[in-house]
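Asks: got a predicted structure plus its sequence, pasted below:
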Amino acid sequence: MNHRKTAEEILQLVGGESNVQSVIHCMTRLRFNLYDNSKADRQALEQVDGVLGTNISGSQFQLIIGNEVPKVYKEITANSGLSESSNTEGESKEKKNVISSIFDVISGVFTPILPAIAGAGMIKGVAALLLTFGWLQETSQTYQILTVIGDGAFYFLPILLAVSAARKFGSNPYVAAAIGASILHPTLTAMFSEGGDISFAGLPVTIATYSSTVIPILLAIWIASYVEKWVDRITHASLKLILVPTLTLLVVVPVTLIAVGPLGAIGGNYLSTGTDFLFQNAGIIAMILLAGTFSLIIITGMHYALVPIMLNNIAVNGYDYMIPAMFLANFGQAGAAFAVAMRSKNKKFKSLSFTTSLTAIMGVTEPAMYGVNMRLKKPFIAALIGAAAGGVLYALTDVKAYIVSGMAGLPGIPTFFGPEFIFAMLGLVLAFVAGAMMTWVLGFEDVVAPGEETTTAEQNTIENEEATVTDKTSEVLASPLTGEVRPLAEVSDPTFAQEIMGKGTAIFPTAGEVVSPIDGEVVTVFATKHAIGLKSSNGAEVLIHVGIDTVKLNGEHFTAHIESGAKVQKGQKLLSFEKEAIQAAGYDLITPVIVTNTAEYEDVTALAEGTVHTGEALIDLAVPHATSKEAS
């Protein structure tokens, strides 16, 4: 990969530097806050060398890069005016709901400090290992210093979070650090330890523990950002340097000690207690569901929303149940990619699958997920099943994580140093093996290398399939609607956007009529009349789905002009719908046109751009000389 070229193409395709509010990176992703997400060309971005996929989490636009992300990020910041705090005073044009805003804040605050937490966690694990095997004694000064190094980042976590949160909220990070330092000051800690009544200016101060906590400091810095901006607005320029930080500290620290901090600490305790109660009383179900769906959570980027809960659990309870689920998800993905490597006939893809499997074992799972398993679909399902299988063992043996390692893979094994260590290792092996075995059982259609000749059914697909030679030629599907052509990536439903049901395109209709794009037959007219399935005389299976979530209308505003099983000709009216009434009811009318048997074609290409009318060429289906059908 040419990192500079990749960086330049990315910056251009996200809408240019002027469209970037800020950019940061985590282990595998570039995380952009864009002023306008619609300016980013997702389809083109996913074709850039080194980009494995794109995702929007909340309002954050994410590019999955893999292990090379630090180098690409470095080139972006080196050859532009951007940094992770660029343009923070600007306002994004994207409308955010409350949940999206919370996820965006959590991700933005925790991503920059993860390296410090990961490094400290690993040192804590190494110290525990040395103590367990008797290589160091608890009274050893070497052990004590190692413990100090490992505990430092966690004990002073409020200060690290204060700096990061201030950058996210657009306030002074050093004033924020001073707020964090104040609530951790030894004098205050000693006053809390002595007990008794404590007051400030006659107002009672509630005793609380702030070391290693998350929620109190986040609330405090959020309030500080508003106080600082308000004081700055009413203060004369000549006095701002002195008065703004002084008044911010004088207001925020007492408010934190009197009201915000105790509420945050109490909330954190309830959060940890609730999580612990869930896993103790519904352990098997909770762990299976979390482990089996954690890869889906990672895809959305919302796993960062769980970081505060994980840290809080370890700070309050001394252990956490969510971190083990993340390990299982990664090993399930690794096992599925490994099985693909074993069975693929494509040498290049075999090498990619094996490499990404090793990467996932080491704790970086996105290359295996996006580059291999999701690309082939069935291995991704197998990986989820493998993780859930490991979750059964973890639930039965009460496996916990005792530190935050930062890497949910082999380097993070110290996470499990505790009574259940053996079961923790067995669970990882089980997730890997189950993911691999399910991939073997479910099978997948191999990626055929360009120029390779297919001589047998096994070379063409990995499943038990029969190759049948046909004389079919390429087929062109006509547009069933009049409207604006949109890429599937713009469809809000991930089932269509991620091409889970097949490739195709989408149309935003300007008229309320659907006509047949093929000569063939009607396979299904949905009872709610919002969607119709067709099969052409050449074998193309087409789904036309009018609007998103319009099934909830139960057929209202839709009229079907054809029945299931009927023969149709290209251009024949199939459905009509009341466009304005559906939109007034709050539904998005963007209409995916999907080729559901995409796997039978060498390529599915959208032909139309901009405005298209019914009957005009919409999709080209490139038919191979030989097609294959899965054995049932």
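Replies: Looks like it came in fine. Residues are numbered from 1 along each chain as shown.

Asks: burial of the residue nearest to Q498 when sequence neighbours are not counted, as a residue count?
Replies: Leaving aside its chain neighbours, Q498 sits nearest to M374 (7.5 Å; criterion: C-beta to C-beta, 6 or more residues apart in numbering). The way it works is simple: take the backbone N, C-alpha and C, and place the C-beta from them, glycine included. Using other C-beta atoms under 10 Å, the number of residues around M374 comes to 22.

Asks: chain center to the strand or helix carrying M374, what's the gap?
Replies: Element membership of M374, judged by DSSP states H and E, is helix 374-376. From the chain centre to the centre of helix 374-376 is a distance of 16 Å (C-alpha atoms, centre = their mean, to the nearest Å).

Asks: and the contacts of that helix?
Replies: Applying C-beta atoms under 8 Å, 6 or more residues apart in numbering, the contact partners of helix 374-376 are 53, 340, 380, 444-445, 447, 498.

Asks: reformat those residues as JSON lines; add neighbour count.
Replies: Converted to JSON lines, the contacts of helix 374-376 look like this (neighbours: other C-beta atoms under 10 Å):
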{"residue": "G53", "neighbour count": "21"}
{"residue": "V340", "neighbour count": "32"}
{"residue": "F380", "neighbour count": "26"}
{"residue": "F444", "neighbour count": "26"}
{"residue": "E445", "neighbour count": "17"}
{"residue": "V447", "neighbour count": "17"}
{"residue": "Q498", "neighbour count": "16"}
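
Asks: what separation do you get for the residue of the chain positioned farthest from its centre and P592?
Replies: Centroid-distance maximum for the chain: G202 at 47.9 Å, with C-alpha atoms, centre = their mean. Between G202 and P592 the distance is 64 Å, computed by C-beta to C-beta, to the nearest Å.

Asks: do the same with P173
Replies: 45 Å.

Asks: so which of these two has more stuff around it?
Replies: A count of neighbours by other C-beta under 10 Å puts P592 above the other of P173 and P592, at 25 against 17.

Asks: so where does that one fall, helix or strand?
Replies: Per DSSP H and E, P592 falls inside strand 591-595.

Asks: with just CA atoms, put the helix or strand just after that strand into CSV.
Replies: Next helix or strand after strand 591-595 toward the C-terminus (DSSP H and E): strand 603-606. Extracted C-alpha coordinates of strand 603-606, given in CSV (Å, rounded to 0.1, in the frame of the first residue of the first chain):
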residue,chain,number,x,y,z
ASP,A,603,-20.8,-9.1,-12.0
VAL,A,604,-23.8,-7.0,-11.2
THR,A,605,-23.3,-3.5,-12.5
ALA,A,606,-25.6,-0.4,-12.1
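
Asks: packing partners for strand 603-606?
Replies: Counting contacts by 3 or more C-beta pairs under 8 Å, 6 or more residues apart in numbering; DSSP states H and E, strand 603-606 is packed against strand 503-509, strand 617-622.

Asks: mean neighbour count and mean pLDDT for the ones you listed - can I get that in a markdown table?
Replies: Listed next are the helices and strands packed on strand 603-606 as a markdown table, based on neighbours: other C-beta atoms under 10 Å; pLDDT from 0 to 100:
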| stretch | mean neighbour count | mean pLDDT |
| --- | --- | --- |
| strand 503-509 | 22 | 93 |
| strand 617-622 | 18 | 89 |
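
Asks: closest to T142 out of those?
Replies: Shortest distance between T142 and the helices and strands packed on strand 603-606, using C-beta to C-beta, is found for strand 503-509: 59.5 Å.

Asks: contacting residues around whichever helix or strand A116 is part of?
Replies: Using DSSP H and E, A116 sits within helix 114-132. Helix 114-132 is contacted by residues 26-27, 136-138, 143, 146-147, 149-154, 157, 160, 307, 311, 402-407, 411-415, 417 when judged by C-beta under 8 Å, 6+ apart.

Asks: for stretch 412-426, same thing?
Replies: 121-122, 124-126, 128-129, 132, 319, 323-324, 327, 363, 393-394, 397-406, 408.

Asks: switch the cut-off to 6 Å
Replies: 125, 128, 363, 397, 399, 401-403, 405 (C-beta atoms under 6 Å, 6 or more residues apart in numbering).

Asks: which residue ranges of the stretch 51-200 of the chain form strands?
Replies: Taking DSSP state E, counting those that start in this stretch, the strands of the stretch 51-200 of the chain run over residues 53-57, 60-64, 199-200.

Asks: okay, the ones you listed, which one's buried deepest?
Replies: strand 60-64 (a mean of 24; mean count of other C-beta atoms under 10 Å).

Asks: what helices or strands is that strand leaning on?
Replies: strand 29-34, strand 53-57 (3 or more C-beta pairs under 6 Å, 6 or more residues apart in numbering; DSSP states H and E).

Asks: lowest average confidence across the ones you listed, which one?
Replies: For the helices and strands packed on strand 60-64, mean pLDDT drops lowest on strand 53-57, to a mean of 75.

Asks: can you name the next helix or strand after the helix holding M374?
Replies: helix 378-397.

Asks: got the contact list for M438?
Replies: By C-beta under 6 Å, 6+ apart, the residues touching M438 are 382, 385.

Asks: looking at per-residue confidence, what score does it get?
Replies: The predicted local confidence for M438 is 95.

Asks: which of the residues in the helix or strand where it lies are buried?
Replies: Using DSSP H and E, M438 sits in helix 421-442. Residues of helix 421-442 classed as buried: 421, 423-424, 426-428, 430-440, 442 (neighbour count, 16 or more other C-beta atoms under 10 Å).

Asks: quick one: contacts for the nearest residue to V441 once chain neighbours are set aside?
Replies: Spatial nearest neighbour of V441, chain neighbours left out: A382 (7.7 Å); criterion: C-beta to C-beta, 6+ apart. Contact partners of A382, counting by C-beta under 6 Å, 6+ apart, are 336, 435, 438-439, 442.

Asks: next, format those residues as TSV and append distance to L34.
Replies: As requested, these are arranged in TSV below (distance: C-beta to C-beta, whole Å):
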residue	distance to L34
A336	32
G435	35
M438	38
T439	36
L442	37
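
Asks: from these, pick the one nearest G504.
Replies: Once C-beta to C-beta is applied, the member of the contacts of A382 that ends up nearest G504 is L442, at 23.8 Å.

Asks: quick check: closest non-adjacent residue to that closest one.
Replies: In space, L442 is closest to K378, 4.4 Å off (C-beta to C-beta, 6+ apart).

Asks: nothing else from me, thank you.
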